[in-house]
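1. Sequence and predicted structure are below.
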Amino acid sequence: MSIKREKINKQNSAISISTVLKTRCKECIFEQIFFVMQVNFRKQVLPHLVAVLGFFLISIAYFSPTLNNQRLQQHDWKVYQASSKEYKDVKQETGETTLWTNSMFSGMPNYLIVSPLDKNIFAKIGKFINFGNWRPVAHLFYYLLGFFLLL
């Protein structure tokens, strides 16, 4: 912004300088708040969007078997399914959640095995963050995105 110089009369110099400064400050604040940068979408934004889309496609391609519900057989997951069977059966029959199970160690609290996720807001947030049930795809995507942002 070029500064326009005004001729200041010697008699009114204090008044005219203060009015010029006030109007200049108002203009500066207005320009700082409402200044819209000229963004060249093709040169500045599009390469970043292409990179993020590429990260998503790489994640899907790398973990493509998860899209067909193919999972590795994991021992801890099988143990969880077996130990939570009583809880799931009672929940299907009665619709209530039990707090105690008799199927392990002659009885133990059920929240150590499975916790009810019906009213848990963090389960819903986690499902959104993990793209539904695509947990490995989401993890790799966030790793790649974080690396890209830190460059």
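-> Great, that's in hand.
2. hey, let's count contacts and neighbours off CA atoms from now on
-> Noted.
3. Can you pull up the most central residue in this protein?
-> residue 129 (6.4 Å; CA atoms, centre = their mean).
4. Excluding chain neighbours, what is closest to that residue?
-> Nearest residue to residue 129, sequence neighbours excluded (CA to CA, 6 or more residues apart in numbering): residue 138, at 7.4 Å.
5. Now for the one you found, how many residues are close by?
-> The number of residues packed near residue 138 is 19, by other CA atoms under 10 Å.
6. Which phi and psi values does it adopt?
-> The phi/psi pair for residue 138 (degrees, to the nearest 10) reads phi -70, psi -40.
7. repeat for residue 112
-> With angles defined as degrees, to the nearest 10, residue 112 sits at phi -80, psi -20.
8. Distance check, it against residue 99.
-> Per CA to CA, to the nearest Å, residue 112 is found 9 Å from residue 99.
9. Look at the two and report which has more neighbours.
-> residue 99 (14 against 10).
10. which regions of this structure sit below the pLDDT cut-off?
-> By pLDDT under 70, the low-scoring segments of the chain are 1-37, 39, 116-118.
11. Now name the helix or strand holding residue 132.
-> Under DSSP states H and E, no helix or strand contains residue 132.
12. Number of residues surrounding it?
-> 12.
13. go on, residue 75?
-> Neighbours around residue 75, by other CA under 10 Å: 9.
14. contacting residues around it?
-> For residue 75, the contact set (CA atoms under 8 Å, 6 or more residues apart in numbering) is empty.
15. Roughly how far does it sit from residue 124?
-> Separation of residue 75 from residue 124 (CA to CA): 26 Å.
16. go on, residue 72?
-> Distance of residue 72 to residue 124, computed by CA to CA: 24 Å.
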